[in-house]
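*Asks:* Here is my input; please provide its structure:
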Amino acid sequence: MSQHLRTMVVAALAVLAACALPAAAPAQSDPRPYHLVSPIFTPKDATSFTVLMTSGDDASQSMLLRRYDAVGTLLSSQAVTIGAHGSLQASPVAHSGAPLHIELWSPSPAVMARITYTDSSNVTQRILEEQWLRVGPERGLPAAVAGLQGTAGAIEAKVDGVQGTANAVQGTTSAIQGTVFDVRTAVGGLAPKLDAVAADVSALRGVPSPTPDARVTTLQRDVTRMRNELRSLRRILLRRIPARRR
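*Replies:* Numbering: from 1, shown residues only. All right, here's what the predicted structure looks like:
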């Protein structure tokens, strides 16, 4: 079971990698290998927009705030620095009203950004953190997909833990079956003793006695009841033991 699940995880990661990776991607040498890419948006003509950037890193981060038009032409590139666990707000120059997108190049993945702008209808719009695409250094693989590779080991560990629990349960079941078998053997061993007691009672009944002894009748009745109860217990055990083994 563990090996089967591990194989399924590896296969899923391979499919994701095959779909996301380019055929011949060059190695990343950019000192800012993490890129946050915004969706395309269109500010109102002659207006600017605001980018709020936040870093969760323990050190200051030097980043590039870059603007691209709809065909990928670089419009501007601005160097910005965010202190450790700090935030920074930037407002690039006014735009012509054509579609564009923003890229934030960072040396750390612990960066988030949000855009606020006014559209052509004078309505304030926001591009939130979860709408950005985060691209990591793994040959351009989106960081969300690359994270699956980092969690594969944790998934395998959980699978191994489930397998260990299943083995422990199986051992407990075997112990219960052994106990039930011992009880069945003990019950079977009582049957000859009860038969001997019944024979003794029958012998006592055959001895002539001027006055019937009530104790003999009581003893015989008790023995008969015990034999019936033991037979019922044996039938129950015979039905349940095979069911447990299945």
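*Asks:* Helices along this protein, start to end?
*Replies:* For the chain, applying DSSP state H gives helices covering 2-20, 143-206, 214-245.
*Asks:* Rounded mean pLDDT for the second one, please.
*Replies:* Per-residue pLDDT values over helix 143-206 give a mean of 68.
*Asks:* now do the shortest one
*Replies:* The average pLDDT for helix 2-20 rounds to 54.
*Asks:* likewise the last one?
*Replies:* With pLDDT averaged residue by residue, helix 214-245 scores 80.
*Asks:* who does that helix touch, helix- and strand-wise?
*Replies:* Contacts defined by 3 or more C-beta pairs under 8 Å, 6 or more residues apart in numbering; DSSP states H and E place helix 214-245 against helix 143-206. No exception for glycine: its C-beta is placed from N, CA and C like everyone else's.
*Asks:* send the alpha carbons of stretch 40-56 over as CSV?
*Replies:* Backbone C-alpha positions of stretch 40-56 (Å, rounded to 0.1, in the frame of the first residue of the first chain) are rendered in CSV as follows:
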residue,chain,number,x,y,z
ILE,A,40,-3.1,42.7,-17.1
PHE,A,41,-5.0,45.8,-16.0
THR,A,42,-5.9,49.1,-17.7
PRO,A,43,-5.7,52.3,-15.6
LYS,A,44,-7.6,55.4,-16.7
ASP,A,45,-5.7,57.6,-19.3
ALA,A,46,-3.3,60.0,-17.7
THR,A,47,-3.6,58.4,-14.2
SER,A,48,-1.1,56.5,-12.2
PHE,A,49,-1.6,53.5,-9.9
THR,A,50,-0.2,52.4,-6.5
VAL,A,51,1.7,49.3,-5.7
LEU,A,52,1.9,48.2,-2.0
MET,A,53,4.7,45.7,-1.4
THR,A,54,5.3,43.7,1.8
SER,A,55,8.3,41.5,2.7
GLY,A,56,8.2,38.7,5.3
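*Asks:* Report the buried residues of that stretch.
*Replies:* Residues 41, 43-44, 49, 51, 53, 55 are the ones in stretch 40-56 that count as buried (16 or more other C-beta atoms under 10 Å).
*Asks:* likewise stretch 103-116?
*Replies:* Buried residues in stretch 103-116 (16+ other C-beta under 10 Å): 103-109, 111-115.
*Asks:* Arrange these in a markdown table, one row each, with distance to Gln177 and pLDDT as further columns.
*Replies:* Shown next, in a markdown table, are the buried residues of stretch 103-116 (distance: C-beta to C-beta, whole Å; pLDDT from 0 to 100):
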| residue | distance to Gln177 | pLDDT |
| --- | --- | --- |
| Glu103 | 65 | 96 |
| Leu104 | 64 | 95 |
| Trp105 | 65 | 96 |
| Ser106 | 61 | 94 |
| Pro107 | 61 | 93 |
| Ser108 | 58 | 91 |
| Pro109 | 54 | 92 |
| Val111 | 59 | 94 |
| Met112 | 57 | 95 |
| Ala113 | 62 | 96 |
| Arg114 | 62 | 96 |
| Ile115 | 66 | 96 |
